[in-house]
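Visitor: Sequence first, predicted coordinates after that:
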Amino acid sequence: MVVRIKIIWFFICISIPSLGIEQVLAEDFVRLREEMVQEIGHDLRETVAQTHVSDLSEQVKKALLAVPRHEFVPERLKDKAYENRPLPIGYGQTISQPFIVALMTELLKLKPNDKVLEIGTGSGYQAAVLAEIVDQVYTIEIIPELGEHAAERFERLGYANIKTRIGDGYYGWEEAAPFDAIIVTAAASHIPPPLVQQLKPGGRMIIPVGSQFMTQFLVLVEKDQRGEIVAEQIVPVKFVPLTRATEK
Ligand code: SAH
């Protein structure tokens, strides 16, 4: 009798996936991603006076629809993954709000064969969005556990065009430089000179600048063909701080 109950229980367990539960969830995530993209489009239209980005471009929209954001948040927050807000990812860090990810990506004006450097891998979501658009993404994370988890995630999800490194991103990634675009996803007190140096002429960098408890601004840094730098404040933002190896 006991044996029979066990056998029945075993069959119930193995038949659950075939009931299509996983498939239903996957379809839900597709719908939630579409709703998220619509909301981002709305937010961009509302903020166009400051950002000069009037709507999502086809390439960024396609990337946002493709990346499974629910795979980049902790298990218990999966159902909130497509809400337009930042979420905690552990170690006192956050995955950025989808609107901010979209805005920063748009401001970089990426081209398919660009090489992009990201400072602050975190969950890896922003890097995955970039990797949907460009050929090569390099990303640096200072917290080893986060960097390692992100690297595993990239491998599991098939993002073979993302290279990861653990370290202080302030110094950039010299061996892979120069970059067409650089994105910093933690707030710096100033624009790191090594990053400016590793930007190609004609390249763009987007970086939140300011201290943790005061207003930070998203700053767009452009290097012209002669190597001259122009920096422009875009919108006030709130990011976790860019920490330095010496502070740890
Ligand atoms: N781009 C991330 C956002 C992560 S929040 C995402 O899509 O999820 C910012 C991240 O920057 C944190 O993980 C933090 O640990 C990291 N960070 C802070 N200072 C850093 C530094 N000097 N070098 C590299 N990473 C840094």
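Guide: Alright, I've got the coordinates.

Visitor: What parts of this protein come near the ligand?
Guide: Proximity of the chain to the ligand, by C-beta under 6 Å from any ligand atom, involves residues 93-96, 119-120, 122-123, 125-126, 140-143, 146, 168-170, 185-186, 240, 242-244. The C-beta positions use only the backbone N, C-alpha and C, and glycine is treated the same way.

Visitor: Would you list the buried entries among the residues you listed?
Guide: Among the residues of the chain next to the ligand, those classed as buried by neighbour count (16 or more other C-beta atoms under 10 Å) are 93-96, 119-120, 122-123, 125-126, 140-143, 146, 168-170, 185-186, 240, 242-243.

Visitor: Please, where are all the helices along this structure?
Guide: 2-15, 21-46, 48-51, 58-66, 98-107, 125-133, 144-157, 193-197 (DSSP state H).

Visitor: And these, which one averages the lowest pLDDT?
Guide: Of all these, the minimum mean pLDDT falls on helix 2-15 (a mean of 43).

Visitor: Pull out the buried positions in the longest strand seen in the chain.
Guide: When the chain is parsed with DSSP state E, its longest strand is strand 199-209. Neighbour-count burial for strand 199-209 flags L199, K200, G203, R204, M205, I206, I207, P208, V209 (criterion: 16+ other C-beta under 10 Å).

Visitor: ok so, going back, identify those among the buried ones among the residues of the chain next to the ligand that sit within strands.
Guide: Q93, T94, I95, I119, I140, E141.

Visitor: mind checking how far L110 is from V30?
Guide: Relative to V30, L110 is positioned 24 Å away (C-beta to C-beta, to the nearest Å).

Visitor: When the two are compared, which one has more neighbours?
Guide: Set side by side, L110 and V30 show more neighbours around L110, with 21 against 11, by other C-beta atoms under 10 Å.

Visitor: Tell me what V137 is bridged to.
Guide: V137 has these beta-bridge partners by DSSP bridges: V116, I162.

Visitor: Can you report how many residues lie near the closest residue to Y125 other than its chain neighbours?
Guide: Take Y125 and drop its neighbours on the chain: the residue closest to it by C-beta to C-beta, 6 or more residues apart in numbering is F72, 4.2 Å away. Using other C-beta under 10 Å, F72 is surrounded by 24 other residues.

Visitor: F72 touches A127, doesn't it?
Guide: No. Distance between F72 and A127: 9.7 Å, which falls outside the contact criterion (C-beta atoms under 8 Å).

Visitor: ok, now which ones touch V73?
Guide: K80, A81, L87, I89, I95, S123 (C-beta atoms under 8 Å, 6 or more residues apart in numbering).

Visitor: should've said P98
Guide: Contacts of P98 by C-beta under 8 Å, 6+ apart are M36, E39, I40, L64, R69, Y82, N84.

Visitor: if you set the cut-off to 7 Å instead, what comes out?
Guide: M36, I40, N84 (C-beta atoms under 7 Å, 6 or more residues apart in numbering).

Visitor: Distance of it relative to L146?
Guide: Applying C-beta to C-beta to P98 and L146 gives a distance of 19 Å.
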